[in-house]
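> Quick one, what's the 3D model for this:
(chains A, B, C and D)
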Protein chains: 2
Amino acid sequence: MRPRNVTIKDIAREAKVSIATVSNVINNKGRVSEETRRLVQSLIDKYNYTPDLSARSLKNKHSHLISVVVPYLAKGEFEDNPYFWQVVSGIESGASSENFHVMLTGISDSPDMSFATERHLDGLVVIGASEQADHFQHIMDLNLPCVFMDSYITKADVYQVYSNDKFGGYLGTKYLVSLGYEKIILVSGIKGKIAEGSGVDYQRWLGYKQALAEAGIEYNPELVIEEGNTMLGGYYAAQKVIGSIDRKTAIFVLSDIGAMGLIRGLNELGISVPKDVSVVGYDDIFYADFMVPSLTTIRQDIFRKGERAVDLLLAQIEKREIEAKTILLPVELKIRESTTKNFSQ
Amino acid sequence: MRPRNVTIKDIAREAKVSIATVSNVINNKGRVSEETRRLVQSLIDKYNYTPDLSARSLKNKHSHLISVVVPYLAKGEFEDNPYFWQVVSGIESGASSENFHVMLTGISDSPDMSFATERHLDGLVVIGASEQADHFQHIMDLNLPCVFMDSYITKADVYQVYSNDKFGGYLGTKYLVSLGYEKIILVSGIKGKIAEGSGVDYQRWLGYKQALAEAGIEYNPELVIEEGNTMLGGYYAAQKVIGSIDRKTAIFVLSDIGAMGLIRGLNELGISVPKDVSVVGYDDIFYADFMVPSLTTIRQDIFRKGERAVDLLLAQIEKREIEAKTILLPVELKIRESTTKNFSQ
DNA sequence: TTGTATGCGTTATCAT
DNA sequence: ATGATAACGCATACAA
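Numbering: from 1, shown residues only, chains lettered A, B, ... in the order given. Model (predicted):
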């Protein structure tokens, strides 16, 4: 199809040196005389030669290719949540600046991870894995550099990055309490995660409970709605909470995308935010500030989180010294229009 | 690091056959006796053997890897627009169902496309390229199977998929006219594209003009604001249009994400949608229905668009028969809350 | 039907 | 400082 590519051999021939020498100047290994180095380099430039990565990978067992995998999500939960895309953007950005490429491994893919070894992937960024699931062991069995995001793996020696979810849960709840609300509904993610005691939502729930306790408000499990951190989940949650909203009620949704669905759902039921009820979200996805009303939320720097994950992954791949295998990112409360003081007293 | 992988040789040895035979059963080439086929297959299963793709790629010159590239966007324009992610989702979905993997090639990457040949990529999906730009020739020079999305390349024999942008522009405009508006502001994308006569926005603009002409409304270039199809672009556009909004005015924004920014911007300036002004968007991104107000828009099936692009690409890669090198997808008007009849008369 | 041998483009070892 | 050569894992042309 396209003209045969120029290889290391062609360069060697034209430079009248051996391929070993060319290889050496490419990887500036070995001691090559400045003179031949320049000669070879000039030919490389002239022919626009770049080494064949398949050949290299065959030899080296690495590929400068990493993959991001999101194993535990249903179709749509991933693609319809800007959170993930912003993470992936950060990953791609961090990777490409270090000359790594990023493969996207769709969530609907089979649990089969063989592609990782087949392609000599250099590493994996795994988002939202759960230690209990089969997948986790599969991934560990790969024995590949890995960074887990948002996973709260308890096993030692696992590279992880997350943000301070417990504190985030605490912050959001405390803020609503400080506004004068006494009944804080928590709209959370995947059913069972809290009971299971795993995942980010569990951590955020811990913070929620702590803030409640500090405020002397009794924890009421009936106020915890597990509807999924999706737009539709939030939308349906609206119907579930509608009955229990009174003047002292506020709602804390553990994802911005869920909060968006909820606010929409509430609107359709004739409830206006923040006039009738205050809502806090979580994540600070890129358009949280542009929604109507703009969303009070727990902000984490999502893009940066992705970048940090690659940093950590590449450090592991390149066996660099690192401070710690675990990176904990800060969160902060971002006050916007979806919350307002409770004037009911 | 991890235990040496089992190779074709290991299987051959244990099966007491040659590697050629093993290779034959893997690719079910050649005539292999049913008996040995079964034997070899059982060992393949037993050892969980999968062929090394780097080796294969070195031999074959293909990789079962495609890449999506978005060459002409500034940082943020890509990652903050759900449109692109939905396209990418569609691409990933289509590709993975055909056992192809997808590489993400970030927009901030250098114009250098050498990675495509280095990695023996099987093909490219290029989004929003412009025939005039240098990039275009670079990509064509690769001589690689390619599908251009949203590009309106005039050169013959180029594989393309787009949706009916001109009709979309027509539909949105006509609808606003039918609601009783006589002054339709058009908020468009990248500056100069319309003058240049290229890209989707130019096509949509053509449709806009046509609808105006049919309605007997004189085209007024001052009503065309080129502020970028981004959230911030829309936001700033609000300040530009504010002065010229009267009772007969409606606004057509050529992206939902821009419309979101615009509506937010208008709100901050004390103008409410649709009470004070009607707004139509474009794309029907996944949350258009969940915004407040929900967005009247020109719908295209974005995910499907991505899927169709891979279909076309894979057909090209596998040299299958196809009906046409160009796929034109339909658009439709989706009426929601951001538009309302003009009662000013 | 099956085996042998060669080459794909590199890197690395060992000579020279 | 440089060159010859083996090896990486696979596919394939050709032989048997």
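
> Near DNA strand C, which residues of the stretch 1-150 of chain A? Just list them.
Within the stretch 1-150 of chain A, the positions adjacent to DNA strand C are A:4-5, A:7-9, A:19-20, A:23, A:26-27, A:29-30, A:49-52, A:55-56, A:58-60 by Cβ under 7 Å from any atom of the strand. Backbone N, C-alpha and C define where each C-beta goes, glycine included.

> go with 6 Å
Contact residues, the stretch 1-150 of chain A versus DNA strand C (Cβ under 6 Å from any atom of the strand): A:5, A:7-9, A:19-20, A:23, A:26-27, A:29, A:51-52, A:55-56, A:58-60.

> Show me which of those are buried.
Using 16 or more other Cβ atoms under 10 Å in any protein chain shown as the burial test, these include A:7-8, A:23, A:26, A:51-52, A:55-56, A:58 as buried.

> near DNA strand D too, which of the residues you listed?
Okay, of these touching DNA strand D (Cβ under 6 Å from any atom of the strand), that's residue A:58.

> now residue A:231, nearest residue through space, not along the chain?
The shortest distance from residue A:231 to any non-neighbouring residue, by Cβ to Cβ, 6 or more residues apart in numbering or on different chains, is to residue A:261 (3.9 Å).

> how would you label that neighbour: helix, strand or coil?
Classification of residue A:261 using DSSP: H, G, I helix; E, B strand; the rest coil returns helix.

> how close does it get to residue B:302?
To residue B:302, residue A:261 is 19 Å away according to Cβ to Cβ, to the nearest Å.

> one step back: against residue B:289, how distant is the residue nearest to residue A:231?
10 Å.

> okay, these two: which has more neighbours?
residue A:261 (27 against 16; other Cβ atoms under 10 Å in any protein chain shown).

> ok, that one touching residue A:239?
No: in terms of Cβ atoms under 8 Å, residue A:261 does not count as a neighbour of residue A:239; the distance is 11.2 Å.

> who touches the residue nearest the centre of chain A in this structure?
The residue lying closest to the centre of chain A (Cα atoms, centre = their mean) is residue A:87, at 4.3 Å. Under the criterion of Cβ atoms under 8 Å, 6 or more residues apart in numbering or on different chains, the neighbours of residue A:87 are A:68, A:127, A:149, A:302-303, A:305-306, A:309.

> Of these, which is the most crowded?
Busiest of those [other Cβ under 10 Å] is residue A:309, holding 29 neighbours.

> So it, which state does it fall into?
Applying three-state DSSP: residue A:309 is helix.

> correct me, but it touches residue A:160?
No: in this structure residue A:309 lies outside contact range of residue A:160 using Cβ under 8 Å: 9.0 Å.

> which neighbours do the two share?
Counting by Cβ under 8 Å, 6+ apart, the residues touching both residue A:309 and residue A:160 are A:147, A:149, A:327.

> Can you tell me which of the residues you listed comes closest to residue A:214?
residue A:327 (27.6 Å; Cβ to Cβ).

> Tell me which residues touch the closest residue to residue A:288 other than its chain neighbours, please.
Nearest residue to residue A:288, sequence neighbours excluded (Cβ to Cβ, 6+ apart): residue A:295, at 4.3 Å. Applying Cβ under 8 Å, 6+ apart to residue A:295 gives the contacts A:256, A:259-260, A:279-281, A:284, A:288-289, A:336-338.

> And the pLDDT for residue A:295?
Listed pLDDT for residue A:295 reads 98.

> One more: residue A:156?
Confidence at residue A:156, expressed as pLDDT, is 89.

> sec struct for it, please.
coil.

> what are the phi and psi angles of the residue nearest to residue A:114 when sequence neighbours are not counted?
Take residue A:114 and drop its neighbours on the chain: the residue closest to it by Cβ to Cβ, 6+ apart is residue B:50, 4.8 Å away. Reported as degrees, to the nearest 10, the phi and psi values for residue B:50 are phi -130, psi 140.

> for residue A:249, same thing?
phi -100, psi 140.

> How much space separates the residue nearest to it when sequence neighbours are not counted from residue A:219?
Of all residues not flanking residue A:249 in the chain, residue A:183 sits nearest, at 4.5 Å (Cβ to Cβ, 6+ apart). Separation of residue A:183 from residue A:219 (Cβ to Cβ): 11 Å.

> Spell out the residue ranges of the strands in chain A.
For chain A, the strands defined by DSSP state E occupy A:65-69, A:101-105, A:123-127, A:146-149, A:160-163, A:183-188, A:224-226, A:249-253, A:278-283, A:296-299, A:326-329, A:332-334.

> could those strands go into JSON lines alongside distance to residue B:318?
Shown next, in JSON lines, are the strands of chain A (distance: least, Cβ to Cβ, whole Å):
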{"stretch": "strand A:65-69", "distance to residue B:318": "23"}
{"stretch": "strand A:101-105", "distance to residue B:318": "21"}
{"stretch": "strand A:123-127", "distance to residue B:318": "29"}
{"stretch": "strand A:146-149", "distance to residue B:318": "34"}
{"stretch": "strand A:160-163", "distance to residue B:318": "40"}
{"stretch": "strand A:183-188", "distance to residue B:318": "46"}
{"stretch": "strand A:224-226", "distance to residue B:318": "45"}
{"stretch": "strand A:249-253", "distance to residue B:318": "46"}
{"stretch": "strand A:278-283", "distance to residue B:318": "41"}
{"stretch": "strand A:296-299", "distance to residue B:318": "47"}
{"stretch": "strand A:326-329", "distance to residue B:318": "43"}
{"stretch": "strand A:332-334", "distance to residue B:318": "49"}
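
> any chance of those in a markdown table, plus distance to DNA strand D?
Shown next, in a markdown table, are the strands of chain A (distance: least, Cβ to the nearest atom of the strand, whole Å):
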| stretch | distance to DNA strand D |
| --- | --- |
| strand A:65-69 | 17 |
| strand A:101-105 | 19 |
| strand A:123-127 | 19 |
| strand A:146-149 | 22 |
| strand A:160-163 | 31 |
| strand A:183-188 | 45 |
| strand A:224-226 | 45 |
| strand A:249-253 | 49 |
| strand A:278-283 | 43 |
| strand A:296-299 | 47 |
| strand A:326-329 | 33 |
| strand A:332-334 | 49 |
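
> Neighbours of the closest residue to DNA strand D within the stretch 101-250 of chain A, how many?
DNA strand D sits closest to residue A:118 of the stretch 101-250 of chain A, with a gap of 8.3 Å, by Cβ to the nearest atom of the strand. Neighbour count for residue A:118, taken as other Cβ under 10 Å: 18.

> Cool, thanks, talk later.
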